[in-house]
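>>> Predicted model and sequence follow; I will ask about them next.
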Amino acid sequence: SQKIEQNSEALNIQEGKTATLTCNYTNYSPAYLQWYRQDPGRGPVFLLLIRENEKEKRKERLKVTFDTTLKQSLFHITASQPADSATYLCALLSGGYNKLIFGAGTRLAVHP
Amino acid sequence: DTAVSQTPKYLVTQMGNDKSIKCEQNLGHDTMYWYKQDSKKFLKIMFSYNNKELIINETVPNRFSPKSPDKAHLNLHINSLELGDSAVYFCASSPYLPASGGYNEQFFGPGTRLTVL
């Protein structure tokens, strides 16, 4: 069966460190993968999109990698700040029409 | 300016009632979506419309009926509400960009928290 797995436990890190979040999937061959941030009581906000022929994408302190052989994406936040504390969702394109399948998300807590 | 707006933000109702949630986007996007986020925080696609045409219809009870009067609006009507319908419902929209194969980011509304008693 198809699965998208993100660490269900919260990730706690110290301010200034690099946070690394994992997204693993099985029985999908997504053409692209996206990462979103969701704060409590709010809708998800788009962060980055990476295509299957791209190994890595960067945006400011954010970096995403996409390994289609391992069926895994890693999401990094460098020099993390308490304001980065949120839930991060990965989403795969599944089929046509921009249909996204979301993982359950990983909650990140950055402590001062 | 609000990009994707939903009303109401909170909806508390009794089992068996019929209710509607409204969504509007002022981004000029062609495609709109409805998602359901349950208590375990899984965000699941329900429906999608492109230029008022239904293009995604997941396995959703037919008590749920989306309606798109124009490409800026996508409403969700729910008949005979059940306890299991309690969740947060998100509306989203995205542009169609041929250069990216039509696939790109989605813009989400603030959500409507539905509680069925």
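Everything's here; your move.
>>> Quick check: the closest residue in space to B:Leu97 that isn't next to it in sequence vs A:Leu62, distance?
Nearest residue to B:Leu97 in three dimensions, chain neighbours excluded: B:Asn104, at 5.3 Å (CB to CB, 6 or more residues apart in numbering or on different chains). In this view, the C-beta of every residue, glycine as well, is placed from N, C-alpha and C. Distance, B:Asn104 to A:Leu62, by CB to CB, to the nearest Å: 17 Å.
>>> before we move on, what about A:Glu54?
14 Å.
>>> Repeat that for A:Tyr32.
For A:Tyr32 relative to A:Leu62 (CB to CB), the value is 16 Å.
>>> Quick check on these two: which one has the bigger neighbour count.
More neighbours surround A:Tyr32 than the other of A:Tyr32 and A:Leu62, with 20 against 16 (other CB atoms under 10 Å in any protein chain shown).
>>> The more buried one reaches A:Lys57, doesn't it?
No - counting by CB atoms under 8 Å, A:Tyr32 stays clear of A:Lys57, with 10.3 Å between them.
>>> Quick check: neighbours shared by these two?
The contact sets of A:Tyr32 and A:Lys57 overlap at A:Leu49, A:Ile50 (CB atoms under 8 Å, 6 or more residues apart in numbering or on different chains).
>>> circling back: could you verify my assumption that the residue nearest to B:Leu97 touches B:Thr31?
No - B:Asn104 lies out of contact with B:Thr31 (CB under 8 Å); the separation is 9.7 Å.
>>> more crowded one of the two?
More crowded of B:Asn104 and B:Thr31, by other CB under 10 Å: B:Thr31, with 24 against 18.
>>> so who does that one touch?
A:Tyr97, A:Asn98, B:Ser48, B:Tyr49, B:Asn50, B:Asn51, B:Ile55, B:Ser93, B:Ser94, B:Pro95, B:Tyr96.
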